[in-house]
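S.K.: One predicted model, sequence on top.
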Protein chains: 2
Amino acid sequence: MTDAADETADDRDRGGARSARAATIYDVAELAGVSHQTVSRLLKGFPGIRPETRHRVEQALATLDYRPNLSARSLTTGRSHRIGALTYEIDQVGPSRIVQGAAAAARRAGYVLDIVTLDNSDENGIEKSLEVVNQNDLAGIIVLASSEEMTAAFRRTRFRVPSYLSADEDGAGDPATAPLALAMDDLIGQLYDLGHRRFHHLGGPANWVASQHREAYYLAALTRRGLVSSGTSHGDWSSAAGFAAASELADDVTAIISANDQMALGALLALDQAGRSVPGDVSVTGLDDIPEAAFYNPPLTTIHLDTIAQGAAALTRLLDRISPGEFEIPVAPPARVVVRSSTGPAPGR
Amino acid sequence: MTDAADETADDRDRGGARSARAATIYDVAELAGVSHQTVSRLLKGFPGIRPETRHRVEQALATLDYRPNLSARSLTTGRSHRIGALTYEIDQVGPSRIVQGAAAAARRAGYVLDIVTLDNSDENGIEKSLEVVNQNDLAGIIVLASSEEMTAAFRRTRFRVPSYLSADEDGAGDPATAPLALAMDDLIGQLYDLGHRRFHHLGGPANWVASQHREAYYLAALTRRGLVSSGTSHGDWSSAAGFAAASELADDVTAIISANDQMALGALLALDQAGRSVPGDVSVTGLDDIPEAAFYNPPLTTIHLDTIAQGAAALTRLLDRISPGEFEIPVAPPARVVVRSSTGPAPGR
DNA sequence: ATCGGGGATGTTATCGGTAACATCAGGTGC
DNA sequence: GCACCTGATGTTACCGATAACATCCCCGAT
């Protein structure tokens, strides 16, 4: 017996309880003494209905506790209100907040998200998952976190509904214009001004679009200052990966730029165990600004991203594709550097 | 323009592309020269079809790339394959993994999860959300993280489909038998053996069922040993709350038992800033064993919970209610104590 | 040769909505 | 006073599947 699955006996009784059969517009029509079409019209907000008739129908609606049958509705209208969302690793804080934002945006627009989590370990999971979402009758398909493989599979697949491939939390990937690139440049610039010259990057998985963008921004910011990166270690976004990477760091590196906060946490611990002080000997930065980052020890300097807003924006773009012009695409606040205590002057300055 | 919403021009082209109209069983039937019913039978695995006919139909199926219209199917069968899931705060690691487990279990059984995230700030959000899920035609409704208010609202509501109220990650709440209670007793016992006598609890929100259970287990474990708790500080599961609570801790407390790992992280930082060493002066424990907990500084002693399995188990119980006997309810591995470096002998021992 | 039976397949009704068209009553114009 | 228009409402068809019932055909038993 599992904890989560547990319940009181009371629950059990209530859980099974339910009304016999849901009322249809025909039931309502009969009770109100009108035709089912009149009911349908009223439900759709059609204006030309006599006040008295309207009242009778509304009464009947309430009496029978009418709820529309969505299957029937989407059968006739030919469009459902479900959106298929593909994502990796929903338990990672970044992606999960993106999903949260997307789900909220969908709900506001009267849609629901059908979330399909991809299993990292499954080789042909992508194709299979794309197949699954494509089978169901969806209003649209959105990919919220993408790898190279995902991108390729997505391009190959012919979807029968509008689809949208979000480039993860990073964006266009253009180091000159992407908001995150600007923030990254700002971050590197601040460290440069503090005297740092040897930088190392803790990247995400090499095949993730987000990793690629983040690394590109990092490299661009270095190049702009005439610096060459000490190297990039690719991890899997986990603290364990950050720990491992930081354990075998070159001695001359004074600044570690991590592609997310969790890996930075691992790096923090590895450095501490190696007897190197942060920020005395090495400065460490994160990316995302998850809520915990402010409570790492030392509190983490990072780049704040509004992932919820990004998820909402991505979903709204899909909605715009489903019914153009109907939705206003929100502008997310730009990424910004948050300076805390994990960064400081380069040693010897 | 938001990062997440961004894409290459290439995406844009493909995104809009889609086939004109999906093939129906009638299209397939016509192409194969049979009746639509024959197609339907074949799709349902009806055995009595001549091999030659079967072949023709399968050919047509493939040619037209047939996909069933789920709306039509659930309209006739009278049952959908969507499950409404209500949860708080999907960005918290614990709940989000529960959702992940539930979603995976649902998908395996051929259902999809329609996730509704409750807004904490919204006072009557619960009623409204219950209303929303109850409106849609769902196969079942599950509540994955519950507060007292949620529990009450759930009991008041008359659902038209099977419903299930998971008692969050904790379970029955019986301090004598719940697996988590056993682990908590083990944890307290180990600290007791290390000489700790003054314990303080960092609890979750007072109205959360999970908080109540966790605190009850904590108190029961103390009582069993003739101890009295120094007190409970109720936080909102966040590191910030843990930080605040630990900042005003009584001097004689030597062990802080947090109800989740994030709050423990906050406590760790607060103690460090107050000049109290962990575990030299104070021992700190978490709960959940999120992946990052092993990389806190010091690495956190905590109770490992398989939240993904719990989510799957909870969902399977709902499925069992939807179609009894068809699903096997998995048994999740029990909770267990994971000793790391944030705990040690009480000072002066 | 005829009838019965059962396997393979076809026909029709149905689910609960929406859309298109039909009807009906009352008021207006001439 | 009658044709006509229009606003309110009713009727019918249809979406794409499944279920129930009907039919057809072939084969063996009598």
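M.R.: Good, I have the coordinates. Numbering: from 1, shown residues only, chains lettered A, B, ... in the order given.

S.K.: sec struct for the residue nearest the centre of chain A, please.
M.R.: Nearest to the mean C-alpha position of chain A, counting by CA atoms, centre = their mean, stands residue A:98 at 1.9 Å. Assigned with DSSP: H, G, I helix; E, B strand; the rest coil, residue A:98 falls in the helix class.

S.K.: which ones are touching it?
M.R.: Contacts for residue A:98 (CB atoms under 8 Å, 6 or more residues apart in numbering or on different chains) come out as A:87, A:144, A:145, A:169, A:307, A:308, A:310, A:311, A:314, B:4. C-beta: built from backbone N, CA, C; applies to glycine.

S.K.: The residues you listed in strands, which ones?
M.R.: Among the contacts of residue A:98, DSSP state E puts residue A:87 in strands.

S.K.: Sort out for me which of the contacts of residue A:98 are in helices.
M.R.: Secondary structure from DSSP state H places A:307, A:308, A:310, A:311, A:314 of those in helices.

S.K.: got JSON lines for the residues you listed, with distance to residue A:344 and neighbour count too?
M.R.: Shown next, in JSON lines, are the ones in helices among the contacts of residue A:98 (distance: CB to CB, whole Å; neighbours: other CB atoms under 10 Å in any protein chain shown):
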{"residue": "A:307", "distance to residue A:344": "27", "neighbour count": "25"}
{"residue": "A:308", "distance to residue A:344": "31", "neighbour count": "19"}
{"residue": "A:310", "distance to residue A:344": "30", "neighbour count": "30"}
{"residue": "A:311", "distance to residue A:344": "34", "neighbour count": "34"}
{"residue": "A:314", "distance to residue A:344": "36", "neighbour count": "32"}
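
S.K.: Going by distance to DNA strand D, which of those residues wins?
M.R.: Each of the ones in helices among the contacts of residue A:98 was checked against DNA strand D using CB to the nearest atom of the strand; the closest is residue A:314, at 29.6 Å.

S.K.: Just the pLDDT at the closest one, thanks.
M.R.: Residue A:314 is assigned a pLDDT of 90 by the prediction.

S.K.: same question, residue A:180
M.R.: If you check residue A:180, the pLDDT there is 92.

S.K.: same deal with residue A:47?
M.R.: On the pLDDT scale, residue A:47 gets 83.

S.K.: now it, what's its secondary structure?
M.R.: Three-state assignment for residue A:47 (three-state DSSP): coil.

S.K.: The closest residue to DNA strand C within the stretch 101-250 of chain A: neighbour count?
M.R.: Closest contact between the stretch 101-250 of chain A and DNA strand C, by CB to the nearest atom of the strand, is at residue A:110 (12.7 Å). Other residues within reach of residue A:110, judged by other CB atoms under 10 Å in any protein chain shown, total 9.

S.K.: dump the residue contacts of it.
M.R.: The neighbours of residue A:110, taking CB under 8 Å, 6+ apart as the test, are residue A:81.

S.K.: three-state assignment of it?
M.R.: coil.

S.K.: any idea where the strands of chain A begin and end?
M.R.: A:82-88, A:112-118, A:140-143, A:163-165, A:199-203, A:232-234, A:255-258, A:283-285, A:302-304, A:336-338.

S.K.: what about chain A, any weak spots by pLDDT?
M.R.: Residues of chain A that meet the criterion pLDDT under 70 lie in A:1-21, A:89-94, A:119-124, A:132, A:134-136, A:167-173, A:349.

S.K.: Kindly recompute the last result at 90.
M.R.: For chain A, applying pLDDT under 90 flags the ranges A:1-23, A:43-51, A:65-141, A:143-179, A:207-210, A:307-311, A:320-334, A:348-349.

S.K.: Next to DNA strand C, which bits of it? Give me the list.
M.R.: Within reach of DNA strand C by CB under 7 Å from any atom of the strand, chain A has these residues: A:21-22, A:24-26, A:36-37, A:40, A:43-44, A:66-69, A:72-73, A:75-77.

S.K.: Residue A:67 against residue B:133, yeah?
M.R.: No - when contacts are counted by CB atoms under 8 Å, residue A:67 is not listed as touching residue B:133 (11.0 Å).

S.K.: So for these two, which sits in the more crowded spot?
M.R.: residue B:133 (24 against 16).

S.K.: In contact with the more buried one, which residues?
M.R.: Contacts for residue B:133 (CB under 8 Å, 6+ apart) come out as B:84, B:86, B:114, B:116, B:141.

S.K.: which of those residues are close to chain A?
M.R.: When CB under 8 Å from any CB of the partner chain is taken as the criterion, the members of the contacts of residue B:133 that contact chain A are B:114, B:116.

S.K.: now the residue of the stretch 101-250 of chain A closest to DNA strand C: how far from DNA strand D?
M.R.: For residue A:110, the distance to DNA strand D (CB to the nearest atom of the strand, to the nearest Å) stands at 20 Å.

S.K.: Could you pull up phi and psi at that residue?
M.R.: The phi and psi values for residue A:110, taken as degrees, to the nearest 10, are phi 90, psi 20.
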